[in-house]
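In: quick one: sequence and predicted model below, then my questions.
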Amino acid sequence: MKVVIVGGVAGGATAAARIRRLNEQAQIVVLERSGYISYANCGLPYYIGGIIEDPDKLTLQTPDSFFSRFRVEMKVRHEVIAIHPDRKTVSVRNLENGKEFEETYDKLILSPGAKPTQPKLSGTDRERIFTLRTVEDTFRIKEYIDKHHPKSAILAGGGFIGLELAENLRKLGMDITIVQRPKQLMNPFDSDMASFIHNQMRRHGIKLVLGHTVEGFTEKDGGIDVVLKDEMSLHADMVVLAIGVTPDTHLAKEAGLELGIKGSIVVNERMETSVPDIYAVGDAVQVKHYVTGEDTLISLAGPANRQGRIAADNICGRDSRYLGSQGSSVIKVFDMTAATTGINETKAKQAGIDTDKVILSPMSHAGYYPGGKLMTMKVVFEKETYRLLGAQIIGYEGVDKRIDVLATAIHAGLKATELKDLDLAYAPPYSSAKDPVNMAGFMVENIANGILRQFHLEDVANLPKDGSVTLLDTRTAAEYSQGHIEGFLNIPVDELRERINEIAQDKPIYVICQSGLRSYIACRILSENGFECYNFSGGFRFYDAVMHDRCLMETATACGMDQ
């Protein structure tokens, strides 16, 4: 059996190694148009920033090391220019000498990946404008910086690569601006959670120009002007386009394979395309979202690796199935960590799912052990069924641990109420006896049992100001004086029982504190005394962070807070 694989990196290289482990007799040929067959794509920004100093560390395998270990023929700088399913061959061009030839196959795996989205704008061909996708792209950017020592850069796009590159260029001392049409960075997060990312970027000197459309690029004053629609142009020494990626599937289209979203390759659970004996994996394929079941595109290394393994299994006579992509991801934002899994609240509502959420601010480990830091967790679930839909966490240490627990819970089909039952490891330096994931489960259980009723950030602006409800802030007087929402009366929770006669019994009460814990305790006190009480989800800390970000992005007008 001869297997030809078009493209290396995560999907293709994984498939090649797995086929060899399952079939020692198979002939395996990998055709890769770049000079690298297996490299750490996610590490590229950190090489530009000097965190990774040795360029050889970016290369996980070389053609020689791969052949030595697996006896796989790796042909780098070889570009497949056509697929001929009728005669089971591919046309190949050797990019070193320009010669073309045909390679036969019994089974074909397509792992072409995705290419940087190139907007149809004027001036994108300027030498000071870069994209970052391959090792070669990385070396071009690094060489330009080392040679020309640019003082400023504009990044068009605020996804994973945009944020990682912004951090690394900033650490080189450059003045960095991120510009994009969407009004928030990091689309996998809801806009409220993205506010924490925005505030973190600004704290480190990154300028954010969000909600603005780029119309073109012009060379000016020894640099590049980024022309914005209805706004003043931005100027910098260099520009990196990080708008996103598009499936690189022109070969599949020309060969007659069925295509899906954005021209991606349609595959079944076995990673088989619509044409017999042709498989496809990685960023180029359309997959099912594990939570919604909808067709989607998810460009992440983990799914690509698993898909490569599944395609290899099936080629070797096994029966492996890809169950879908969940979109679990994590990113370093300077000293902060942001992570997500499943779907966010915005996507859930777009999918027509009736959702609810809990927002909490637990410590990374036991509060009495030194060094604990707050994290902000948002857990999204379906009303009535309490099906766990997704989670977002932003904080410092311990974020990755909790998002992985939640990702596992979603995959296992646990309900949000069942998070309370998870038996998670505890020692003071690492967690609390009630882990943050358990705490989220306790909150959801309280909602399910009618013990907890919530109101949310989006409800605050519509709270009646005519005296028909009571607005109560249960923080200390000192906390209240440092900032509060207009119209909220301050009665610290520890004084509430003695001052309960100050609150009208016949009005609903909307209660807030710093994180949501003290206001929950206040609600229990009030509810047990016959009051109708609603607790603010996330607390004033959450409200303040989101409103601060929104005020900076929109105008400096009233934020709804008295300072």
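Out: Cool, the structure landed.
In: shouldn't C513 be in contact with D473?
Out: Yes. With contact defined as C-beta atoms under 8 Å, C513 reaches D473; the gap is 7.2 Å. For glycine as for every other residue, the C-beta is placed from the backbone atoms N, C-alpha and C.
In: show me the common contact partners of those two, please.
Out: Common neighbours of C513 and D473, using C-beta atoms under 8 Å, 6 or more residues apart in numbering, are F540.
In: where are the low-confidence patches of the stretch 201-350 of the chain?
Out: When residues are selected by pLDDT under 70, none of them lie in the stretch 201-350 of the chain.
In: in it, which spans are helices?
Out: Assigned helices in the stretch 201-350 of the chain, in chain order: 250-254, 301-315, 345-350 (criterion: DSSP state H, counting those that start in this stretch).
In: mean neighbour count, these: which tops it?
Out: Looking across the helices of the stretch 201-350 of the chain with neighbours counted as mean count of other C-beta atoms under 10 Å, the highest average goes to helix 301-315: a mean of 23.
In: what's that helix in contact with?
Out: So helix 301-315 is contacted by 1, 3, 9-16, 18-19, 22, 41-42, 107, 109, 111, 270-272, 279-283, 285, 287, 319-322, 325, 328 (C-beta under 8 Å, 6+ apart).
In: restricting to C-alpha, output it in CSV.
Out: What follows is helix 301-315, C-alpha atoms only, in CSV (Å, rounded to 0.1, in the frame of the first residue of the first chain):
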residue,chain,number,x,y,z
ALA,A,301,-3.4,21.9,16.6
GLY,A,302,-5.1,19.5,18.9
PRO,A,303,-8.0,18.6,16.5
ALA,A,304,-5.6,18.4,13.6
ASN,A,305,-3.4,15.9,15.4
ARG,A,306,-6.4,13.7,16.3
GLN,A,307,-7.8,13.9,12.8
GLY,A,308,-4.4,12.8,11.3
ARG,A,309,-4.4,9.8,13.7
ILE,A,310,-8.0,8.9,12.8
ALA,A,311,-7.4,9.0,9.0
ALA,A,312,-4.3,6.8,9.5
ASP,A,313,-6.3,4.3,11.6
ASN,A,314,-8.9,4.0,8.9
ILE,A,315,-6.4,3.7,6.1
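In: E136: which of the helices of the stretch 201-350 of the chain is closest?
Out: helix 301-315 (18.7 Å; C-beta to C-beta).
In: out of the contacts of helix 301-315, which are buried?
Out: For those, a burial check counting by 16 or more other C-beta atoms under 10 Å picks out 3, 9-16, 18-19, 41, 107, 109, 111, 270-272, 279-283, 285, 287, 320, 322, 325, 328.
In: quick check: bridge partners of the spatially closest residue to Y386 that is not a sequence neighbour?
Out: By the measure of C-beta to C-beta, 6 or more residues apart in numbering, the closest residue to Y386 outside its immediate chain neighbours is K415, 4.4 Å from it. Following DSSP bridges, K415 is listed with bridge partners R387.
In: make sure K415 is actually in contact with R387.
Out: Yes. At 6.3 Å, K415 and R387 qualify as touching, with contact defined as C-beta under 8 Å.
In: what do those two both touch?
Out: With C-beta under 8 Å, 6+ apart as the test, K415 and R387 both reach F381.
In: quick one, what contacts the residue nearest to G157 when sequence neighbours are not counted?
Out: Nearest residue to G157 in three dimensions, chain neighbours excluded: A242, at 3.6 Å (C-beta to C-beta, 6+ apart). By C-beta under 8 Å, 6+ apart, A242 lies in contact with 116, 131-132, 155-159, 161-162, 165.
In: what do you get for C513?
Out: Contacts of C513 by C-beta under 8 Å, 6+ apart are 473-475, 493, 519, 522, 536, 539-540.
In: among these, which are in helices?
Out: 519, 522, 539-540 (DSSP state H).
In: show me the two of those that sit farthest apart.
Out: Checking the ones in helices among the contacts of C513 with C-beta to C-beta, the most distant pair is A522 and F540, at 13.3 Å.
In: what's the distance between the nearest residue to T385 once chain neighbours are set aside and A351?
Out: Of all residues not flanking T385 in the chain, K415 sits nearest, at 7.3 Å (C-beta to C-beta, 6+ apart). Computed as C-beta to C-beta, to the nearest Å, the K415 to A351 distance reads 18 Å.
In: counting neighbours, what do you get for the nearest residue to D421 once chain neighbours are set aside?
Out: If the residues on either side of it in the chain are set aside, D421 comes closest to G441, at 7.1 Å by C-beta to C-beta, 6+ apart. Using other C-beta atoms under 10 Å, G441 has 25 neighbouring residues.
In: show me the contact partners of stretch 539-552.
Out: Contacts of stretch 539-552 (C-beta under 8 Å, 6+ apart): 192, 194-196, 198-199, 202, 359, 361, 374, 376, 457, 460, 473, 475, 479, 483-485, 512-517, 519, 536, 557, 559-561.
In: which of the contacts of A242 sits closest to P85?
Out: Comparing the contacts of A242 against P85 with C-beta to C-beta places P116 closest, at 28.5 Å.
In: run through the bridge partners of the residue nearest to the closest one when sequence neighbours are not counted.
Out: Spatially, and ignoring its direct neighbours in sequence, P116 is nearest to T131 (4.0 Å; C-beta to C-beta, 6+ apart). Residues in a beta bridge with T131, per DSSP bridges, are L241.
In: next up, the contacts around T131.
Out: 116, 118, 137, 240-242.
In: if we go to 6 Å?
Out: 116, 137, 241 (C-beta atoms under 6 Å, 6 or more residues apart in numbering).
In: which one of K415 and A351 has more residues nearby?
Out: Shown here are K415 and A351; by other C-beta under 10 Å, K415 has more neighbours (18 against 15).
In: give me the distance between that one and N501.
Out: 41 Å.
In: need the per-residue pLDDT for the residue nearest to P116.
Out: For T131, the pLDDT comes out at 90.
In: look up how far V226 lies from it.
Out: According to C-beta to C-beta, T131 and V226 sit 15 Å apart.
In: also R550?
Out: As for R550, its distance to V226 is 24 Å (criterion: C-beta to C-beta).
In: show me the shaky parts of the stretch 451-563 of the chain.
Out: Looking at the stretch 451-563 of the chain by pLDDT under 70, you get 555-563.
In: switch the cut-off to 80
Out: 554-563 (pLDDT under 80).
In: tell me how far stretch 268-279 lies from the chain's centre.
Out: How far stretch 268-279 lies from its chain's middle: 28 Å, per C-alpha atoms, centre = their mean, to the nearest Å.
In: and if you look at stretch 67-79?
Out: 32 Å.
In: one more: stretch 508-528?
Out: For stretch 508-528, the distance to the chain centre is 33 Å (C-alpha atoms, centre = their mean).
In: in it, what's buried?
Out: Quick answer for stretch 508-528 (16+ other C-beta under 10 Å): 508-523, 525-527.
In: quick check: end-to-end length of it?
Out: By C-alpha to C-alpha, to the nearest Å, the extent of stretch 508-528 from end to end equals 14 Å.
In: change the start of the numbering to 524 and stick with it
Out: Fine by me, first position is 524 from now on; the one you just mentioned is stretch 1031-1051.
In: any idea which of the contacts of T654 has the most stuff around it?
Out: The contacts of T654, ranked by neighbours (other C-beta under 10 Å): first place L764, 23 neighbours.
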